[in-house]
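[1] here is the input, now give the coordinates:
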Amino acid sequence: MQSFRSEIENPVVEKDILELERKIRLFKEGKIDEERFRSLRLARGVYGQRQLGVQMIRIKLPYGKVTSQQLHRIADVSDEYSTGKLHITTRQDIQIHHVSLDRAPELWAQLEKDDITLREACGNAVRNVTASETAGIDPKEPFDVTPYAHATFQFFLRNPICQEMGRKFKISFSATDEDSALSFMHDLGFIPKVLTVNGIEERGFKVLLAGGLGSQPREADVFYEFLEENLLIPTIEGVLRVFDRFGERTKRAKARLKFLVKEIGLEEFIQLVEEEKKALAYQAYPINLIEFEKSIQFNTNKIPHVNIIDNEEFKTWKKTNVFKQKQRGLYAIGIKVTLGDFTTDKARKLADLIRQYAANELRFTLRQNILIRHVKEAFLSFFYTELQKLGFAEVGYNSLTDITACPGTDTCNLGIASSTGIALELEKVLKNEYPEYAENKSLTIKISGCMNACGQHNMAHIGYQGMSINSGKFVAPALQVLIGGGVLGNGKGRFADKLIKIPSKRGPESLRILLNDFEINQQRNEDFLTYYDRQGKTYFYDILKHLSDTDNLTEGDFIDWGHDKQYVKAIGVGECAGVVIDLVATLLFESEEKLENASLALQEKQWSDSIYYSYSALINTAKAILTSEGEKTNTHAGIIKNFDDVFTNTQTIVLPTSFSEIVHQINKNEPSEEFANQYLSSAKNFYKTIDAFRKIVVQS
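    Predicted structure coming up:
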């Protein structure tokens, strides 16, 4: 296990991996409780799956970008530690499954050889920063958002302000007003804008705040119509600080940013962000664009001559899967990856293709596909024949036939019904009965295995959510049918209406009914959402109602898609940013670690990081003693108030001043060396006071 130490050049990364290794050992020895260990491993991309004894590993790939070398590395890791299969997520990550927990640190170390991380791919942190896969090549874009997405990823990776928030936090960057990165459903979404002032063009972003999906979807508020580019990082940090302090931490279902903004209101939230400005390490943060403005480099390999056997098929492929870039003479190729699943042998061949005949870059997409970038026009026929050999030349990229689905009951603890099974059946229906829809990019079908909406079902034109349905003494897998969602553009979207619950085996028939009705009743040039609004929700309920009848279920209805045994509803404990209940001793131990981190950051002259570690230690220590008294610890703000109410104001614990005054120094001072030293000293003294009080209580 220790062999990887000498292979890791970055000491911060090495320390992180060794810490995971150490905590795995302590967990196996029973020295760390399961809940706290879960929180630690999730923040390092290690996620429990439905099958006992194995883990899902999520590989964090900012805006989905990989090089040939990185893709080879991911394939090698999957072969060595997993099953040789790769899964593209709707956040442009790669997941591999069935990994032994003991081998996770070694796996991570192998990935880091090519600058690939697991850090904060799961857990209560800033998740993978996503972006339109066409960023940098889109003819319609005001400017390339890639460097801004990259800067955001780098700045907040391992940043102490976002390591232990109440829930996960999602950020996206769209390339254009078409909003293909779905800003309206993110905690923070950014759409590029150019403002002309006195004849000078200035870059910036329209900023969307507090959107989300799940069981209670919420459309994001407009935070800024135009935010200057150098205020991007300070603004995100201000939002994260407020969310960390005021966000819910006990009630998992209410812990996302959308609930905080809904509760206190947008104006108050903006005011709280304003109050954080003085504490920020940077009042402005210029984005380095140089690395992203270099000319595109190509290998000098000549393409082999190829003969296209079916020219009509080739033309259709170019029409549905090939896109002209803004760079003259270059094209992007979209690869439709069914359910986002592909194997490592295909990954390696794809990696070789982009290195030898393109510009050594591809991006995994938000719709679980692959986009090859920077292909010369003369190379298209060669790429077509090579992709055909891999089964990667199927037409219909980003069309209706390209269905998005989460893993569902295949591996996820929260899956209720098979999302992948029904997705495959619906794709068969479309391919065999409605082939014309391979060219229709104005309609989407999305499927989730439960209400958490990892498959984004409630923002699709036609969505399906995995459920169960009772029929006498047996339970059958079911689907909630939703209609009417979609992306409207420029930060606007709409969520689908829930229509009716039907047995899963009737899913294909529901799709036939909807498409047939659309073809018959669609008015000239009418899009699907206009047609839905014109007909009305009740109309669609009526045409699907007969499918909900459970009096006539057959034996096959009790077997889910992709299975051969009778369905059993089995839901485990969800781990995706799960909120845990901490033991007092564990919390105090963690406070010691945070104080140590504050000291180390101080030595490295990272004043802002040191201050936030000290803040975290103060909150954690107060939470520990409040927990021992059975008091509420829902939010950081609540912890501060409750500590004063329970201990300071009653003189049960004597402090130099109120706990609130001690803590709130953080947003009243600039992040200087002097204040960092002073704040750390306050945190250490507070910890000593609480530790002494706790020992007296335990001994009495």
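[2] what's the domain layout of this protein?
    If you go by automatic domain parsing, the domain ranges for the chain are 2-112, 130-291, 302-389, 404-558, 584-699.
[3] now mean pLDDT and mean neighbour count too, for the ones you listed, in a markdown table please.
    Bear in mind the C-beta positions are built from the backbone N, C-alpha and C, glycine included. Putting these into a markdown table (pLDDT from 0 to 100; neighbours: other CB atoms under 10 Å) gives the following:
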| stretch | mean pLDDT | mean neighbour count |
| --- | --- | --- |
| domain 2-112 | 89 | 19 |
| domain 130-291 | 95 | 20 |
| domain 302-389 | 96 | 18 |
| domain 404-558 | 93 | 19 |
| domain 584-699 | 93 | 18 |
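[4] make CSV out of those and add distance to G123.
    What follows is these, written out as CSV (distance: least, CB to CB, whole Å):
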stretch, distance to G123
domain 2-112, 4
domain 130-291, 7
domain 302-389, 21
domain 404-558, 15
domain 584-699, 15
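[5] quick one, which of these is nearest to L118?
    Closest approach to L118 among these (CB to CB): domain 2-112, 3.0 Å.
[6] tell me how far the closest one lies from the chain's centre.
    Distance of domain 2-112 from the chain centroid (CA atoms, centre = their mean, to the nearest Å) equals 16 Å.
[7] so which strand or helix has the nearest residue to E21 once chain neighbours are set aside?
    Leaving aside its sequence neighbours, E21 sits nearest to P105 (CB to CB, 6 or more residues apart in numbering; 4.1 Å). Here P105, judged by DSSP states H and E, is contained in helix 104-112.
[8] pull the CA atoms of that helix into CSV?
    What follows is helix 104-112, C-alpha atoms only, in CSV (Å, rounded to 0.1, in the frame of the first residue of the first chain):
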residue,chain,number,x,y,z
ALA,A,104,-9.2,2.9,-3.2
PRO,A,105,-6.0,4.8,-2.1
GLU,A,106,-3.8,2.9,-4.5
LEU,A,107,-6.4,3.5,-7.3
TRP,A,108,-6.4,7.2,-6.5
ALA,A,109,-2.6,7.4,-6.6
GLN,A,110,-2.5,5.8,-10.0
LEU,A,111,-5.0,8.3,-11.4
GLU,A,112,-3.0,11.2,-10.0
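[9] and for that helix, what's in contact with it?
    1, 4, 7-8, 10, 13, 17-18, 20-21, 24, 41, 44-46, 55, 57, 59, 73-74, 76-77, 80-81, 99, 117-118 (CB atoms under 8 Å, 6 or more residues apart in numbering).
[10] then stretch 64-79?
    So stretch 64-79 is in contact with 59, 84-86, 92, 94, 96, 107, 110-111, 113-116, 130-131, 133, 146, 344-345, 347-348, 350-352, 354-355, 360-366, going by CB under 8 Å, 6+ apart.
[11] swap in stretch 292-307?
    The contact list for stretch 292-307, computed with CB under 8 Å, 6+ apart, reads 136, 144, 146-147, 150, 327, 330, 355-360, 374, 376, 378-379, 381-382, 384-385.
[12] run the chain-centre distance for that stretch.
    From the chain centre to the centre of stretch 292-307 is a distance of 32 Å (CA atoms, centre = their mean).
[13] about what we covered before: beyond the helix holding P105, next helix or strand please.
    Immediately after helix 104-112, counting by DSSP H and E, sits strand 130-131.
[14] other residues contacting that next one?
    With CB under 8 Å, 6+ apart, strand 130-131 has contacts from 63-64, 91-92, 145-146, 149, 170-175, 181, 366.
[15] that strand pairs with which strands?
    Using DSSP bridges, the strands paired with strand 130-131 in its sheet are strand 171-173 (parallel).
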